[in-house]
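Student: give me a 3D structure for the following:
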Amino acid sequence: MSVWGVALALGAAPAAFAHHSAAATYAADDTIAVRGTVIQFRWTNPHCHVYIDVERGPFKGRTYTVELGSPGALSSDGWSRTMVRAGDDVEMIVHPSRSGAAAGLCRQCAMTINGRPTKSRTPAS
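Tutor: Below you'll find the predicted structure:
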């Protein structure tokens, strides 16, 4: 391997290790409904996130973090950086964290924003 090949491989290694496996982090065979008020919507790479102040259920009174797809993937589904705003009432059906943390993955999930249904798709990780 050339010097450039080694440099390229070493430079890509941190990015490969930094990306997580959705199957290891979230329970793909389980879903839960999370309902509450949006605290923040982050339109960032590699994944967008919605932070929800949960109204009821086991996470009531806590901030629940929902991981979505990338801005590019969401844009192709008709999303924009202003689609979800702080103060919006949302309900999301998510794959919960395997660890029991207040976090979930929205992969091809149903979401209601202020009573308007929408869809999200997250590419397999």
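
Student: need the helices for this protein, in chain order.
Tutor: Per DSSP state H, the chain carries helices over the ranges 3-18, 22-25, 71-76.

Student: ok, and for the second one, which residues are buried?
Tutor: Same thing as helix 22-25. Buried residues in helix 22-25, counted by 16 or more other CB atoms under 10 Å: Ala22, Thr25. Any C-beta I mention is one placed from the backbone N, CA and C, and that applies to glycine too.

Student: could you export it as CSV, CA atoms only?
Tutor: Taking C-alpha atoms only, helix 22-25 is exported to CSV below (Å, rounded to 0.1, in the frame of the first residue of the first chain):
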residue,chain,number,x,y,z
ALA,A,22,-28.7,1.4,14.9
ALA,A,23,-29.3,-2.3,15.6
ALA,A,24,-26.9,-2.2,18.6
THR,A,25,-28.4,1.0,20.0
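
Student: what packs against the lengthiest strand in the chain?
Tutor: Longest strand in the chain by number of residues (criterion: DSSP state E): strand 32-42. With contacts defined as 3 or more CB pairs under 8 Å, 6 or more residues apart in numbering; DSSP states H and E, strand 32-42 has these neighbours: strand 49-54, strand 63-67, strand 89-96.

Student: that one pairs with which strands, and in what direction?
Tutor: Partners of strand 32-42 in the sheet, by DSSP bridges, are strand 49-54 (antiparallel), strand 89-96 (antiparallel).
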